[in-house]
Structure formats: C-alpha cells, structure tokens
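# Starting from these lines, generate the structure:
(one chain, ligands or ions: 3)
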Amino acid sequence: MVLGNEVYDKVFRSIDVNADKFVEVLEEAVAIVSISAEPEHRDDCVKMSHWAKAKLESIGATAELVDAGIQHLHDGTQLPLPPIVFAQLGKDPKKKTLLVYGHLDVQPAKKEDGWNTDPFVLTEIDGKLFGRGSTDDKGPVIGWIHAIRTLQENGIDLPINMKFVFECMEEAGSEGLDEALHNRKDFLQDVDFTCISDNYWLGKKKPCLTYGLRGISYFFVKVECAKQDLHSGCYGGSIHEALPDLLWVLSQLTNIDGTINIEGLNEMVAPVTDDEKEIYPKIDFCIKEYQNDLGAHGLTRKTKEEILMRRWRFPSLSLHGVEGAFDGPGSKTVIPAKVTGKFSIRTVPNMTPEKVDEVVVAHLNKLWATRGSPNRFEVIPQHAGRVWLSDPNHPNFQAGAKAMKRVFDVEPDLTREGGSIPVTLSFQELTGKNVMLLPIGACDDMAHSQNEKINRRNYIEGTKVLAAYLLELGEFQ
Ligand SMILES: NCC(=O)N[C@@H](Cc1c[nH]cn1)C(=O)O
Ligand SMILES: [Zn+2]
Ligand SMILES: [Zn+2]
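Ligands and ions are numbered 1, 2, ... in the order given. Down below sits the predicted model:
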C-alpha cells in the first residue's frame, strides 16, 4: 500500500512536538554508566539491558533477557556477561520482518580525560547533546523506539513485523552474542531485512547509507622483567627493563605512512578493482575539512580517494596503550616489572581473524628473538570481529534512501566505514538476507573520544528517518 505524503508529514510533525521528551529519555539512558570494558560497571550493563527491555515492552513488544554466558578475563577472573535483549513486535504472516540490532554499552569515559561536561549527564550546548553513548549507540537505539511509538500514537499500523537484538558488550567485542544467536536460530529464521544504526555520516550535512565495515583483531603483548616494580636509582642499569623491550617491538609495527610492517599481513588484502576505483571520486568528502575537524597535524595520504581507501578498504594498526606503565601526573621513578601493550588491527577483505592471529603472533615472536633480551615475552590474541560487505542495490537500501530523501531532500551517499560491528556479518549469514547500516549521527560526533555528542537535529531528524524507513519498507511487500 502506497502511503500519501500527508502520512509522513503527520509523523514528522509529531516527532517535532515530542522532541524535548525524546531528549529526556536519552538523558535517562546516558546516566546509566554501562561501560562494558570495566568489570566494576557490569551491574550497570545489566541495568541497561533491563531498561531497554522495559522500553520495548512499553511499545507493545514481547521482550526477553537472554543469558549470554560467562566472561573469562585475562587475569583469570570470571564474570557473568550482561543479558542480551531479544524482542518481537508483530507476528502477521502477511508482513515481512525487519530485524533491528543496536548496543546499549559504551566506551569508558572520565571527566578528567578532558571532557568539558560530566560524560554521564546529558548536557545540551548550542544544539549539541553531549554525553557518553549519545551517538554510540544509545541515541540511535532510542530513536527506533520513538519512531515506532510515534507511528502508534498517530494510529498508523506498522507495515512490517519487527524483531530486536540489543546487546551490552559490543564495545568489548560482543562476547557471548554469536553463541546466543546460534542457540536461537529460530528467532532469526523469518527475518527478511536487517537494519543497524550504529555508525556515522561521512560529513556533517549529507546523510549516507553504509554497505561495508572493517573487521578488528585485538592483541595484548606482555613483557615481564622482574617479580615487582623496582627503584630506578637502586636497580637501573643492572637489569633489562620491560618497557623499552615492549616499546621497541610496538614501534616497529607500522611505518610513518600508516602501512603495516607485519610479514604476511598485506598479502591477504584483496586487490583494488577498476569498478571500485570509480566509486571514490563521486563521494562527497573534503580532506581539508576532515583534517581541520580532527585538529590533525597531517594526513597519511594527499587525495580524497586515497584517504577514503585508507579508512575503508586497507588495514590499519593502532596502538591503544600500555597497562602497568606509569601514566599519572608528576614524576615517579619506578621501573615497571610487567607491562602489557595493547593494539588492534582493522581488517579488510580477504583477511580472516584466524589467519591474522597466526601471522601476527609469528611475526612478533620472530622480531622478539632478534632483541636479545632475557625477559618473558608473550603475544595474546584477544577478541576479533569479521569484515562485512553488503549489496547496496537491494530494496532494503532503496527504502533507506527514500526515507532519507523524505527527511533531508537529498539522495544519500553510499559509504563503507573503517569501524567494526562484530555481529553484522553473523546477521547476514544467519538470516541469509540483506543487512544495511543506516547512520543518524554526524562525522564529528566523536564517538569513543572526549565530548561525544549527537546534534539535537541529527537525533530528531534521525528519528524521522527511522520512522519513514519503516513505512517505506512496508511498500516492498
Ligand atoms: N559503533 C561501532 C563501534 O564503535 N564498534 C567498535 C567495536 C569494537 C570492537 N572491539 C572493541 N570495540 C569499534 O571499535 O569499531
Ligand atoms: Zn557503536
Ligand atoms: Zn563504539
């Protein structure tokens, strides 16, 4: 059934009228400190799953909390994983079924990291809603709930059945999720399309739809030189220190231009095809503005095409930190006894987590053998997420594009993204159906960083896009 413009206008007006209420709900969610990487916040993650279940029930969905099993931390402790929210709204056999995935956990954040406001108090300044999780991914998750509520309040029948999977461990590698989905294959059986709103526009003004993500393989590198930390005056010069050993290894993994120096890794990368080369010049992206927005002192490549390819279709290696090394203010004179370097590799077709682990461990051990240090050295692969590519010509993407055109009066760009959402490929494989990423946040939202925000405009217009997408999807019955 083709709906008239007046239906969409009514929905959009209603979302505008309720905008302040929608911001209040986001404020409630941001206040729950659901940091999945910090065990002391595990109860908050559980609370967040319960919160989302109640919200889904409030729109009439049947929701359950599915046990995700036990997490085994690298220090030997075991911790129950937060439950995953599975929910269903509508079971009409004449309608198609859309699966929506989102995550309720957030990256760590402390005011003293350099935030201008308390990260867990949603604060509006000049139309920007600052708070951890505002854009990644609490804002978009809540957007779905408000989009559906608005259709219901305006007496508009949902033209599709909906299923939801909301997890609380995405930022820590989605532990437990793949297993829970495999155990509940029946839940995914009748899914016709999947949509995920958990990424960002390429710029600040023009919307996009996303058909590719890089994967991620995370590693710890441990070096141990003594049984406890040592006074550098008493012992310095007499022992082989762990931190220089570690830094020596880590500093050799990348070149100044960002390419990776790990034997066997670049050989796995799928060659760039001629068809692919044609895509990049058409994309709306300005590298000057990109560099300015980041306040970056330089970029690894000179052209827009090369920079987009570095972000989307070539691997990158990032060093994240060193556990055990002194990092406080002031000048402590200690030799750390045990240090653990942390790095990750963003992976691309045709890299697989198994092969990446194999070449990384082999390369680092070989490098270490040339160091000549008596210290203990160990490379420990951590979580991994697989690369994902989808078909952007599918009706799912057409419905997304129509929805964006209705709200922003522009055809969205088709993009890939450098980040990772580990479960995306699993949904594509388990349902055998199309998966689309439909971002609502802007490129400068600073997810994972200090002062994460979502613009009020993106949050509210994004809710309209989600509502319009549900209606447009109904046209493909
Ligand atoms: N919005 C998606 C996102 O931020 N994904 C994370 C996933 C991840 C994997 N390991 C830790 N986090 C990302 O960093 O890309
Ligand atoms: Zn996210
Ligand atoms: Zn994230």
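
# separation between G264 and ligand 2?
30 Å (Cβ to the ion, to the nearest Å). C-beta here means a position set from N, CA and C on the backbone, and glycine is covered the same way.

# Could you double-check that that residue lies in contact with V361?
No: using Cβ atoms under 8 Å as the test, G264 is too far from V361 to be in contact (11.0 Å).

# quick one: stretch 105-119 to chain centroid distance?
Once both centres are worked out by Cα atoms, centre = their mean, to the nearest Å, stretch 105-119 turns out to sit 17 Å from its chain's centre.

# Can you spell out which helices and strands pack onto the longest helix along the chain?
Ranked by residue count under DSSP state H, the longest helix found in the chain is helix 456-474. Identification of packing neighbours for helix 456-474 by 3 or more Cβ pairs under 8 Å, 6 or more residues apart in numbering; DSSP states H and E yields helix 5-17, helix 19-30, strand 128-130, helix 138-153, helix 395-408.

# Can you check which of those gets nearest to P271?
P271 sits nearest to helix 395-408 of all those, at 25.4 Å, using Cβ to Cβ.

# To what extent is the residue in the stretch 1-150 of the chain that ligand 1 sits nearest to buried, counted in neighbours?
Nearest to ligand 1, among the residues of the stretch 1-150 of the chain, is D136, at 4.8 Å (Cβ to the nearest ligand atom). Residue neighbour count, defined by other Cβ atoms under 10 Å, stands at 26 for D136.

# what do you get for F12?
20.

# show me the contacts for the closest residue to it other than its chain neighbours.
The shortest distance from F12 to any non-neighbouring residue, by Cβ to Cβ, 6 or more residues apart in numbering, is to K464 (5.0 Å). Contact partners of K464, counting by Cβ atoms under 8 Å, 6 or more residues apart in numbering, are 11-12, 15, 147, 406-407.

# okay, those residues in CSV with pLDDT and distance to Q450 next?
Listed next are the contacts of K464 as CSV, based on pLDDT from 0 to 100; distance: Cβ to Cβ, whole Å:
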residue, pLDDT, distance to Q450
V11, 98, 35
F12, 98, 33
I15, 98, 30
A147, 98, 30
R406, 98, 35
V407, 98, 30
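
# Run the chain-centre distance for stretch 324-343.
That offset, for stretch 324-343, works out to 29 Å (Cα atoms, centre = their mean).

# Among the contacts of K464, name the buried ones.
Buried subset of the contacts of K464 (neighbour count, 16 or more other Cβ atoms under 10 Å): 11-12, 15, 147, 406-407.

# so which of the helices and strands packed on helix 456-474 is the most packed in?
helix 138-153 (a mean of 23; mean count of other Cβ atoms under 10 Å).

# The helix or strand following that helix to helix 456-474, inter-axis angle?
Per DSSP states H and E, the first helix or strand lying C-terminal to helix 138-153 is strand 161-167. Angle of strand 161-167 versus helix 456-474, following axes from the mean of the first three to the mean of the last three Cα atoms, to 10 degrees, is 140 degrees.

# For P83, give me its contacts.
Counting by Cβ under 8 Å, 6+ apart, P83 makes contact with 46, 49, 65-68, 168.

# So which of these sit within helices?
Short answer: the contacts of P83 in helices (DSSP H) are 46, 49.

# Of the contacts of P83, select the buried ones using a PyMOL command.
Here is the PyMOL command that picks out the buried ones among those, judged by 16+ other Cβ under 10 Å:
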select buried, resi 46+49+65+66+68+168
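
# could I get the contacts of P83 as JSON lines with pLDDT and distance to ligand 2?
Below are the contacts of P83 laid out as JSON lines (pLDDT from 0 to 100; distance: Cβ to the ion, whole Å):
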{"residue": "V46", "pLDDT": "98", "distance to ligand 2": "19"}
{"residue": "S49", "pLDDT": "98", "distance to ligand 2": "16"}
{"residue": "L65", "pLDDT": "98", "distance to ligand 2": "21"}
{"residue": "V66", "pLDDT": "98", "distance to ligand 2": "20"}
{"residue": "D67", "pLDDT": "97", "distance to ligand 2": "23"}
{"residue": "A68", "pLDDT": "97", "distance to ligand 2": "17"}
{"residue": "C168", "pLDDT": "98", "distance to ligand 2": "12"}
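
# Among the contacts of P83, find me the one that's closest to S34.
C168 (6.0 Å).

# if I read this right, that closest one contacts H50, doesn't it?
No: counting by Cβ under 8 Å, C168 stays clear of H50, with 10.2 Å between them.

# got the domain boundaries for this structure?
5-213+387-476, 215-269+314-385 (automatic domain parsing).

# Comparing those domains, which comes out most buried?
domain 5-213+387-476 (a mean of 20).

# Run the chain-centre distance for it.
11 Å.

# quick thing: my sequence starts at 411, can you match it?
Done: numbering now begins at 411, and the last item shifts to domain 415-623+797-886.

# and the end-to-end length of it?
Length of domain 415-623+797-886, first residue to last, Cα to Cα, to the nearest Å: 17 Å.

# Stretch 652-667 too?
Termini of stretch 652-667 sit 28 Å apart (Cα to Cα).

# sorry, back to before: show the average pLDDT along the longest helix of the chain.
If you average the pLDDT over helix 866-884, you get 98.

# Also stretch 781-797?
Here the average pLDDT along stretch 781-797 is 97.

# hmm, it in reach of ligand 1?
Yes: using Cβ under 6 Å from any ligand atom, stretch 781-797 comes into contact with ligand 1 via G795.

# Any part of that stretch near ligand 2?
No: using Cβ under 5 Å from the ion, we find that stretch 781-797 stays clear of ligand 2, coming within 11.5 Å at best.

# Tell me the residues of this structure that contact ligand 2?
546-547, 608.

# right, and out of the residues you listed, which lies closest to L436?
Using Cβ to Cβ, the residues of the chain next to ligand 2 come closest to L436 at D547, 11.6 Å.
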